[in-house]
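*Asks:* Provided below are the primary sequence and the corresponding predicted coordinates.
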Amino acid sequence: MAPKKIRKAVFPAAGLGTRFLPATKAIPKEMLCLVDKPLIQYGVEEAVAAGCTEIIIVTGRDKAAMEDHFDSSPELEYALAAKGKQKLLDSVHAVSKLAKIIYTRQAEPLGLGHAVLMAKEIVGDEPFCVLLPDDIVDAAVPCMKQMVEAFEQTGSSILASEVIEGPAISAYGVLDCAPDPRDPRLLDVKGMVEKPKLEDAPSNNAIIGRYILTPKIFEMIEQLTPGAGGELQLTDAIKALLQHEKVYGFHYEGKRHDAGDKLGFLKATVSLALKRQDLGPEFREWLKSFPIQ
Ligand code: UTP
């Protein structure tokens, strides 16, 4: 039987964003901008390009900024139309027409697993994807689209994975896995370790913020015993899922930026700005002349 189609994408966006304080005191981290687009919009566009029609954003405090961003803005659109600013009008209008967006709330940031669980009723009994908005993947074929194609092949949960060399691996969930003979991009996952020391890492395949999950994951999250601070971790639930179903890692093609970290955010800004037709050439010239010691 062909696997069910992926129609729904969950965006956990209820974290405190402490690494960006004070910027994130009143603005959600997911609304910070790379060049001229908030982080969450990059992710929503990627999910839509992968065929998702329902976007579920898990918010905490300050959801108004996100709601307003994806809503229509008649006054702004009227003003832009009156000034003949058609291109800007189109860009503003397009954001509000991207997809059906549903908001659900996580009252307290009790971990990524808990945030995903908040979407249980809206997702229902079908496979779905999860995108962490602070991981930005710049790719010719959108990362989630590549993953949906892999899901169509396997019918199993898929975790996007990147090879990380050296001690930096300790910041990630790391896969214990073997190559899948069907497709060099697929990894047969046997286990995973959260933030291991370099010497304890089972491989150099780190999990990044893109997942396709079967609905069984909700049962697994509900059965977790909360860890430190009452948190429910998604990787613990995926580990439990492995006892029931196959799970694959997936080497996507593209460049990921960790925009949830200040240095990663700066690198993402420069990288995306250089690619822009309207800004890139002038920005490149300016960078070349910048007096780096
Ligand atoms: P992060 O750990 O990167 O986000 O979680 P954070 O906790 O907001 O950031 P810092 O570490 O304090 O700076 C990855 C994603 O998961 C969401 C976050 O909003 C972010 O998009 N998240 C995390 C939740 O929605 N709920 C949680 O309980 C935890």
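*Replies:* Yep, it's here. Numbering: from 1, shown residues only.

*Asks:* from residue 188, how far off is the nearest residue to residue 11 once chain neighbours are set aside?
*Replies:* Across the structure, with C-beta to C-beta, 6 or more residues apart in numbering as the measure, the residue nearest residue 11 apart from its sequence neighbours is residue 57 (4.7 Å). All C-beta spots, glycine's among them, are computed from the backbone N, C-alpha and C. Look at residue 57 and residue 188: by C-beta to C-beta, to the nearest Å, they are 32 Å apart.

*Asks:* the two: who's more crowded?
*Replies:* Summary of the neighbour comparison: residue 57 and residue 188, criterion other C-beta atoms under 10 Å, with residue 57 having more neighbours (26 against 17).

*Asks:* how about the helix or strand harbouring residue 283: buried residues?
*Replies:* Per DSSP states H and E, residue 283 falls inside helix 280-289. In terms of neighbour count (16 or more other C-beta atoms under 10 Å), helix 280-289 has its buried residues at residue 283.

*Asks:* just the CA trace of that helix, in PDB.
*Replies:* Presented in PDB, the C-alpha positions along helix 280-289 are these (Å, rounded to 0.1, in the frame of the first residue of the first chain):
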ATOM      1  CA  GLY A 280      24.500  40.400  -3.900                       C
ATOM      2  CA  PRO A 281      26.900  42.200  -6.300                       C
ATOM      3  CA  GLU A 282      27.100  45.400  -4.300                       C
ATOM      4  CA  PHE A 283      27.300  43.500  -1.000                       C
ATOM      5  CA  ARG A 284      30.100  41.300  -2.400                       C
ATOM      6  CA  GLU A 285      32.100  44.400  -3.400                       C
ATOM      7  CA  TRP A 286      31.600  45.900   0.000                       C
ATOM      8  CA  LEU A 287      32.700  42.800   1.800                       C
ATOM      9  CA  LYS A 288      35.900  42.600  -0.400                       C
ATOM     10  CA  SER A 289      36.800  46.100   0.700                       C
END
